[in-house]
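In: what follows is a predicted protein model with its sequence.
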Amino acid sequence: MQGGSSGIGYGLKYQARCISDVKADTDYTSFLTGTLSLKEENEVHLLRLSSGGSELVCEGLFSHPDEIWDLASCPFDQRIFSTVFSTGESFGAAIWQIPELYGQLSSPQLELIASLDAHVGKINCVLWWPSGRCDKLISMDEQNIFLWNLDCSKKSAEVISKDSAGMLHSLSGGAWSPHDVNAVAATGESSVQFWDLRTMKKVNSIERAHVRGVDYNPKREHIFITAEDESGIHIWDLRKAKVPVQSLPGHTHWTWSVKCNPEYDGLILSAGTDSAVNLWYASSSSTDEKALESPVASTRQRVNLLLNSYTDYEDSVYGLAWSSREPWVFASLSYDGRVVIESVKPFVPRLK
């Protein structure tokens, strides 16, 4: 199915690539996004969906000194988030806090909690454990994975351990398993590596080139999703990760990002440089009890489907985020700084 957009839009002042659900905000459907301007001072926008769901409101606008290449909201404190940034010559990463009374301040400033300054190479991402309160953080540069201990009260971050992926593996990003606080996946030029944080050693890998985005299925422990440049979307069972168990065609150009729905098993979003966001239902095995319980499965008879393609964009779409509070809602961000909020309910009518 092809479709334009009936979503709610919001325009950033500058170009942008990253957007994050504010999972810890249980009162509002909220997102954080940051800009990527080389010449101007950059901005972090705190966006909230109005109570009627008809308007996207900027609740907070904060200056950020450098280009924001990665942004992630803390899953247990809605005022805390991380950024990976570039000064044009070097990369850095930091943990920030939104001031408590930001709505009453004329020009609120972000409070720096800690700098993740142990990296020498280009930092690519900072990961928070998605399943609850955890005082650990992961950061990755092109060669190394760092595990940090974060103490927000003392405004400090200390390296617990680190290891190198090796000179032949240029890391670009990753995902932290919601099922296991010790399991993390890291994407490289020719493979996806799976690491055990207790030993900081690689324990498994998927040999695939040009993987741009990955995600764990939060409802099924062993299911893992990859998005690849030109070969689409692949779904893997990590217990037998030699070949994918399912494949989806992806996008007409590079498939850049992929996100599993936090509540509804089988619903997947993907975004690409073809200026589109695709909503998929990827069926599970008919013998899988969780699949039989899925409202999506009962609607779609457990077949692989492109439920909708959102095509009302004028630039590549790099940012995707499902809402944890309203899991039928998602935010997308195109490179020209356009945020769009959509509901998938029209395409999956049995979602409650």
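Out: Noted; the coordinates are in hand.

In: all contacts plus neighbour counts: C-alpha atoms, from now on.
Out: OK.

In: mind listing the strands the helix or strand where Arg212 lies pairs with, and their directions?
Out: Element membership of Arg212, judged by DSSP states H and E, is strand 211-216. Take DSSP bridges as the rule and strand 211-216 pairs in its sheet with strand 223-228 (antiparallel).

In: quick one: distance of the partner strand to the chain centre.
Out: Counting by C-alpha atoms, centre = their mean, to the nearest Å, strand 223-228 is centred 13 Å from the centre of its parent chain.

In: for it, which outside residues touch it?
Out: 209-217, 233-238, 250, 254-258, 270 (C-alpha atoms under 8 Å, 6 or more residues apart in numbering).

In: adjacent strands (with direction) for the following helix or strand past it?
Out: Scanning forward in sequence from strand 223-228 by DSSP H and E, the next helix or strand is strand 232-237. Strand 232-237 pairs in its sheet with strand 223-228 (antiparallel), strand 246-248 (antiparallel), by DSSP bridges.

In: can you give me the strands in the stretch 51-200 of the chain?
Out: Using DSSP state E, counting those that start in this stretch, the strands of the stretch 51-200 of the chain run over 56-64, 67-73, 80-86, 91-97, 111-115, 123-128, 136-141, 144-151, 156-164, 173-176, 183-187, 192-196.

In: can you list those in a markdown table and add mean pLDDT and mean neighbour count?
Out: Listed next are the strands of the stretch 51-200 of the chain as a markdown table, based on pLDDT from 0 to 100; neighbours: other C-alpha atoms under 10 Å:
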| stretch | mean pLDDT | mean neighbour count |
| --- | --- | --- |
| strand 56-64 | 93 | 17 |
| strand 67-73 | 97 | 25 |
| strand 80-86 | 96 | 23 |
| strand 91-97 | 96 | 22 |
| strand 111-115 | 96 | 17 |
| strand 123-128 | 95 | 24 |
| strand 136-141 | 96 | 22 |
| strand 144-151 | 96 | 20 |
| strand 156-164 | 95 | 17 |
| strand 173-176 | 95 | 24 |
| strand 183-187 | 95 | 23 |
| strand 192-196 | 95 | 21 |
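
In: so which of the ones you listed gets nearest Phe347?
Out: strand 56-64 (21.7 Å; C-alpha to C-alpha).

In: re earlier: kindly reformat the strands paired with strand 232-237 as TSV and extend each row with mean neighbour count and mean pLDDT.
Out: Shown next, in TSV, are those (neighbours: other C-alpha atoms under 10 Å; pLDDT from 0 to 100):
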stretch	mean neighbour count	mean pLDDT
strand 223-228	23	92
strand 246-248	16	88
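
In: same list (the ones you listed) but as CSV, adding distance to Leu32.
Out: Formatted as CSV, those follow (distance: least, C-alpha to C-alpha, whole Å):
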stretch, distance to Leu32
strand 223-228, 23
strand 246-248, 29
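
In: filter the contacts of strand 223-228 to the buried ones?
Out: 210-217, 233-238, 250, 254-258, 270 (16 or more other C-alpha atoms under 10 Å).

In: circling back: which of the strands paired with strand 232-237 sits closest to Tyr310?
Out: Evaluated with C-alpha to C-alpha, these place strand 246-248 nearest to Tyr310, the distance being 16.5 Å.

In: ok, Trp195 - contacts?
Out: Counting by C-alpha under 8 Å, 6+ apart, Trp195 touches 182-186, 201-204.

In: before I go, just wanted to say thanks for your time.
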